[in-house]
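In: Give me coordinates for this.
(one chain, ligands or ions: 2)
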Amino acid sequence: MSEQNSGRRALVMALVVSAIAGAVAIGVGLRAAGGDADGAVARVAPMATEEYGRRLVAHTAELLGQEQPDPNLRYINSRLNCGSCHLDAGSEPGTLTLQLTDEHFPRFSGRSGTMTDIEDRINECMQRSMNGAPLPMDSPEMIAIAAYLRTLGAHFGATGASGKRVSEPPAFKTPVRAADPEHGRRVFEARCSICHGPEGQGLLAGEARSQGYVFPPLWGPDSFNDGAGMHRVVTAARFIKARMPLGDATLTDDEAFDVAAFINVQPRPGMPNLDRDYPDRTTKPADNPYGPFADDFPLEQHRLGPFQPIDAYYKALKAKK
Ligand code: HEC
Ligand code: HEC
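Out: Ligands and ions are numbered 1, 2, ... in the order given. Below you'll find the model as predicted:
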């Protein structure tokens, strides 16, 4: 590792630790200021709607997880934060940024087969990436997250070119071969396990579990479920190449592809009724890891590739129409 890289990693570690310390301090402060017996700390403290939304995105495990003192707010079964994938609470430009979300909606979703708005999309990540229940449309939590995302969009629109600059490696290009989870295991051990743990189990912020993770789990009961976008090998590889290892994103396409496959053949929670996704099956992405499909390629090929023959098949099908 170069000195610059190890310096950057140390900085990232320090930032992560100080972010956690900051969150704890805010939490303690809120509790002292406005906390009450039924535990609705963040709700009762006077706070702008957008600020509550930002906190929900950054500290989802703590505010909406199974250790949340108010049982009515225990929406998610994972212990991830939205910000575990949408970095810096979605305000970091580039891969999986939420700065452009306001521009992206409303739009047609192939997965649901309907027009969707920001609120529907938030609930897709609630039920899949967060392995949880949907937020009621009129709940303070849904209103706050949607308001926060719209504010992010407005800020982004008002930002100069330098604030919009994305500093990440060249975009992931899918290798023309099946992904190799065994090679992925070696990449994982060399580049990921130092933070995400030798069993991909992550590192909890404290013994009480209520604060969630400093380094989030990549599989197992506290991670995203098998209906999540991150469970698709190409989607995961794109994110991993752009962002991981955090502060030192230097993987090749081959390494990102194989480590994504290694992560996604590990056990994780299941989502019911996945066969109802993509009512028009010809719109299913090639790397969608569950059927039914409108083609005869084996499930294994949809999970690990090679994906180019599947893409070519659907391209030809569309051209015929
Ligand atoms: C495990 C990773 C992960 C977590 C955790 C996660 N998401 Fe996502 N999210 C994704 C992926 C992957 C996409 C799809 C990107 C794509 O379409 O290529 C996405 C897309 C979105 C979009 C659409 C963005 C756009 O501009 O099109 C929104 C909004 C969103 N997520 C909100 C949330 C919220 C709110 C939470 C927490 C309740 C959350 N996400 C948690 C992975 C995650
Ligand atoms: C320096 C520590 C560090 C290293 C090394 C690292 N990560 Fe991460 N990773 C993180 C942190 C921290 C997050 C969550 C980001 C946040 O909360 O701001 C994360 C998030 C993720 C996520 C999305 C959330 C989840 O739990 O699924 C994936 C996937 C991921 N990392 C994969 C990898 C892979 C693959 C590697 C190795 C190539 C790797 N990471 C190396 C720190 C690290």
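
In: Residue of the stretch 1-150 of the chain nearest ligand 2, please.
Out: Here the stretch 1-150 of the chain gets closest to ligand 2 at one residue, Ser84, 4.0 Å apart by C-beta to the nearest ligand atom. Every residue, glycine included, has its C-beta placed from N, CA and C.

In: Show the backbone phi and psi for that residue.
Out: phi -70, psi -30 (degrees, to the nearest 10).

In: Might you calculate how far stretch 81-97 sits from the centre of the chain?
Out: Taking C-alpha atoms, centre = their mean, to the nearest Å, one finds the center of stretch 81-97 at 8 Å from the center of the full chain.

In: now stretch 51-58
Out: In terms of C-alpha atoms, centre = their mean, the centre of stretch 51-58 is found 15 Å from the chain centre.

In: That stretch and ligand 2 in contact?
Out: No - Stretch 51-58 stays clear of ligand 2 (C-beta under 6 Å from any ligand atom), getting no nearer than 8.3 Å.

In: Give me the contacts around that stretch.
Out: Residues outside stretch 51-58 that contact it (C-beta atoms under 8 Å, 6 or more residues apart in numbering) are 23, 42-43, 47, 63-64, 81-83, 86, 89-90, 98, 140-141, 144-149, 151.

In: Tell me how far the nearest residue in space to Gln308 that is not next to it in sequence lies from ligand 1.
Out: Using C-beta to C-beta, 6 or more residues apart in numbering and skipping residues adjacent in sequence, the residue nearest Gln308 is Val176, 5.6 Å away. According to C-beta to the nearest ligand atom, to the nearest Å, Val176 stands 21 Å off from ligand 1.

In: what does Ala286 give?
Out: From Ala286 over to ligand 1 (counting by C-beta to the nearest ligand atom), the distance is 14 Å.

In: Neighbours of that residue, how many?
Out: For Ala286, the count of nearby residues is 23 (other C-beta atoms under 10 Å).

In: Under a three-state scheme, what state does it occupy?
Out: Three-state assignment for Ala286 (DSSP: H, G, I helix; E, B strand; the rest coil): coil.

In: I'd guessed the residue of the stretch 1-150 of the chain closest to ligand 2 sits against Leu218; true?
Out: No - Ser84 is beyond contact range of Leu218, at 10.1 Å (criterion: C-beta atoms under 8 Å).

In: Which one of these two is surrounded by more residues?
Out: Neighbours of Ser84 and Leu218, each counted by other C-beta under 10 Å, are more numerous for Leu218; the result is 28 against 23.

In: isn't there a helix covering the more buried one?
Out: No - counting by three-state DSSP, Leu218 is not part of a helix but coil.

In: Against Gly184, how distant is the residue lying closest to it once chain neighbours are set aside?
Out: Leaving aside its sequence neighbours, Leu218 sits nearest to Gly200 (C-beta to C-beta, 6+ apart; 4.1 Å). Gly200 sits at a distance of 11 Å from Gly184 (criterion: C-beta to C-beta, to the nearest Å).

In: so what sits against both of those two?
Out: In contact with both Gly200 and Gly184: Ile263, using C-beta under 8 Å, 6+ apart.

In: Comparing these two, which residue is more hemmed in?
Out: Ranked by neighbour count (other C-beta under 10 Å), Gly200 and Gly184 place Gly184 first, with 26 against 19.

In: Quick check: Gln211 vs ligand 2, distance?
Out: Distance from Gln211 to ligand 2, by C-beta to the nearest ligand atom: 12 Å.
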